[in-house]
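J.: sequence and predicted model, in that order:
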Amino acid sequence: MAYRKIYFRIHTKGYSSGWSSDADRAAFKEESRRLFKSLGWTLTLGHNGCCDTVTKDQQDLYLHPSSFSGVLDEDNIQSLQEQPSKAQTFRCYHTDRYEEYRDLSDEGYRAELEAKRDEITGYILEKCRTKRSNLYVVAPVAEYAAEKFEVRRLCDKDRRNQIRFPFCSHWCLCLVCL
């Protein structure tokens, strides 16, 4: 299964950078909650000014009145895009698709990085190279390499990845010691 970061851009009745009335806000919340619950999604109520979220398997959506955003199985995007057309308080006018997310364990991620070791080495050496053959830049190249070779994973949606940076940092140190 392929997963993707999605934004369903919506127009919501009574919302433009803030609610025009409490009644409009209540109607939106009630209808969006009912819609997703009827589709089998699990609702988590927002609190302290945060919006509701819904989850289903490894998918999630944040239900903001200007967009429903989150990571979805690509096979479900079309059907979900059509659901708000039945709504009274909001309508979807556009869908933005962003980066891909993969269902990849820590071990699988390390294996992918190991398989790209030559490519990572080339990238690190290129970023460190100067015009003089015996001098290299010692900037935070590991951070750049970690960012370039990042794989977005379902188990790490908040991107607090503890795999890629240590891997690239260790490899930078290994290259310095060669």
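T.: Sure, I can see it.

J.: excluding its backbone neighbours, what's nearest E31?
T.: Residue nearest to E31 in three dimensions, not counting chain neighbours: T89, with 4.9 Å by CB to CB, 6 or more residues apart in numbering. For every residue, glycine as well, the C-beta is placed using N, CA and C.

J.: wait, isn't the one you found in contact with A23?
T.: No. Using CB atoms under 8 Å, T89 is not in contact with A23, being 10.4 Å away.

J.: outline the domain layout of this structure.
T.: 3-101, 106-176 (automatic domain parsing).

J.: want to throw those into CSV with mean pLDDT and mean neighbour count?
T.: Putting those into CSV (pLDDT from 0 to 100; neighbours: other CB atoms under 10 Å) gives the following:
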stretch, mean pLDDT, mean neighbour count
domain 3-101, 92, 15
domain 106-176, 82, 14
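
J.: tell me what the biggest helix by length in the chain is packed against?
T.: Using DSSP state H, we find that the single longest helix of the chain is helix 22-38. In terms of contacts (3 or more CB pairs under 8 Å, 6 or more residues apart in numbering; DSSP states H and E), helix 22-38 is packed against strand 42-44, strand 59-64, strand 90-101.

J.: of the ones you listed, which is nearest F28?
T.: Comparison of the helices and strands packed on helix 22-38 against F28 by CB to CB identifies strand 90-101 as nearest, at 6.3 Å.

J.: after that closest one, next one along is what?
T.: As assigned by DSSP states H and E, the chain's next helix or strand after strand 90-101 is helix 106-115.

J.: tell me the angle the next helix or strand after that following helix makes with helix 106-115.
T.: Counting by DSSP H and E, the next helix or strand C-terminal to helix 106-115 is helix 117-128. Going by axes from the mean of the first three to the mean of the last three CA atoms, to 10 degrees, helix 117-128 is angled at 70 degrees with respect to helix 106-115.

J.: tell me which other helices or strands helix 117-128 touches.
T.: When contacts are defined as 3+ CB pairs under 8 Å, 6+ apart, helix 117-128 sits against helix 141-148, helix 164-176.

J.: try it again with 10 Å
T.: helix 106-115, helix 141-148, helix 164-176 (3 or more CB pairs under 10 Å, 6 or more residues apart in numbering; DSSP states H and E).

J.: kindly reformat the ones you listed as TSV containing distance to N76.
T.: Output for these, formatted as TSV (distance: least, CB to CB, whole Å):
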stretch	distance to N76
helix 106-115	23
helix 141-148	29
helix 164-176	28
